[in-house]
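**Q** okay, predicted coordinates and the sequence, questions at the end:
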Amino acid sequence: MVYVYLIESVHQREQHYVGISHDLKQRLADHNEGKSPHTRKFKPWNLVAYIGFADEPTARAFEKYLKSGSGKTFLKRHFFRALKT
């Protein structure tokens, strides 16, 4: 399985990150240990959501979409609103 995941900073809840991994537990540990330069300054992180894909090309396409302008709008409109209510 290949996972596309969403994490949220524990201390700065407006900070989110979308990523992809074959080993979700290890990847979250890497984020929390500061091994990723993109997420280091907002650690620690909580896993908010993930979706598993059987093949990597589909997972990469979904990750790319979530990182695009329309994907970010989708997350804000449909996902983050649900978290706040």
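**A** Received the coordinates, thanks.
**Q** so residue 59 touches residue 20, yeah?
**A** Yes - here residue 59 reaches residue 20: they are 5.7 Å apart, a contact under C-beta atoms under 8 Å. C-beta coordinates here come from the backbone N, C-alpha and C atoms, glycine included.
**Q** which residues are in contact with both of the two?
**A** The contact sets of residue 59 and residue 20 overlap at 2-4 (C-beta atoms under 8 Å, 6 or more residues apart in numbering).
**Q** and which of these is nearest residue 24?
**A** Nearest to residue 24 among these: residue 3, at 4.7 Å, using C-beta to C-beta.
**Q** beta-bridge partners for that closest one, please?
**A** residue 21, residue 52 (DSSP bridges).
**Q** which residues touch it?
**A** 20-22, 24, 50-53, 59.
**Q** quick check: closest non-adjacent residue to residue 15.
**A** Excluding the flanking residues, the one nearest residue 15 by C-beta to C-beta, 6 or more residues apart in numbering is residue 9, at 3.9 Å.
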